[in-house]
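My questions concern the predicted model and sequence given below.
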Amino acid sequence: MRYLTHYGNQLTSRTLRVHLAALAQWHQQLGFADPTKSPLVRDTLRGIRMLHLQSVKQAEALALKELETCVV
């Protein structure tokens, strides 16, 4: 949870989830209890997502000629 509160305003929620997955795997491989599964960690991540709303970035559509080049 300290990790999330420290980096919550610097990283995107998606990046934080990836980092939590890596931390969970590290704990499991070494035989430690997985702290990322605790309700407190999940609630903290949910709160970070609510505080730092991020719009979905969508790529611009390809022009028809560019699309034809990709397909052929």
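Right, received. Where do you want to start?

element containing Val41?
In the assignment (DSSP states H and E), Val41 maps to helix 39-51.

which parts of that helix are buried?
Across helix 39-51, burial judged by 16 or more other CB atoms under 10 Å covers 41, 44-45, 48-49. Bear in mind the C-beta positions are built from the backbone N, C-alpha and C, glycine included.

Over to stretch 49-63?
Judged by neighbour count using 16+ other CB under 10 Å, the buried positions of stretch 49-63 are Arg49.

what distance separates the start and the end of it?
34 Å (CA to CA, to the nearest Å).

can you start the count at 189 instead of 1 from here on
Done: numbering now begins at 189, and the last item shifts to stretch 237-251.

now the residue most central in space within the chain, what's its secondary structure?
Geometric centre of the chain, nearest residue: Arg202, 1.7 Å, by CA atoms, centre = their mean. Under DSSP: H, G, I helix; E, B strand; the rest coil, Arg202 falls in the helix class.

Against Arg237, how distant is it?
Going from Arg202 to Arg237 by CB to CB, to the nearest Å gives 10 Å.

cool, and Leu211?
Computed with CB to CB, the distance linking Leu211 and Arg237 is 18 Å.

which residues are contacting stretch 226-239?
Stretch 226-239 is contacted by residues 189, 192-193, 196-197, 201, 204-205, 208, 223 when judged by CB atoms under 8 Å, 6 or more residues apart in numbering.

Export stretch 198-213 to PDB, keeping only CA atoms.
C-alpha atoms of stretch 198-213 as PDB (Å, rounded to 0.1, in the frame of the first residue of the first chain):
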ATOM      1  CA  GLN A 198       3.000   9.800 -10.700                       C
ATOM      2  CA  LEU A 199       2.000   6.700 -12.600                       C
ATOM      3  CA  THR A 200      -1.100   5.700 -14.400                       C
ATOM      4  CA  SER A 201      -3.400   3.200 -12.800                       C
ATOM      5  CA  ARG A 202      -2.600   0.700 -15.600                       C
ATOM      6  CA  THR A 203       1.100   1.000 -14.800                       C
ATOM      7  CA  LEU A 204       0.400   0.600 -11.100                       C
ATOM      8  CA  ARG A 205      -1.600  -2.600 -11.800                       C
ATOM      9  CA  VAL A 206       1.400  -4.000 -13.800                       C
ATOM     10  CA  HIS A 207       3.700  -3.200 -11.000                       C
ATOM     11  CA  LEU A 208       1.400  -4.800  -8.500                       C
ATOM     12  CA  ALA A 209       1.300  -7.900 -10.600                       C
ATOM     13  CA  ALA A 210       5.100  -8.100 -10.600                       C
ATOM     14  CA  LEU A 211       5.200  -7.600  -6.900                       C
ATOM     15  CA  ALA A 212       2.600 -10.300  -6.400                       C
ATOM     16  CA  GLN A 213       4.600 -12.700  -8.500                       C
END
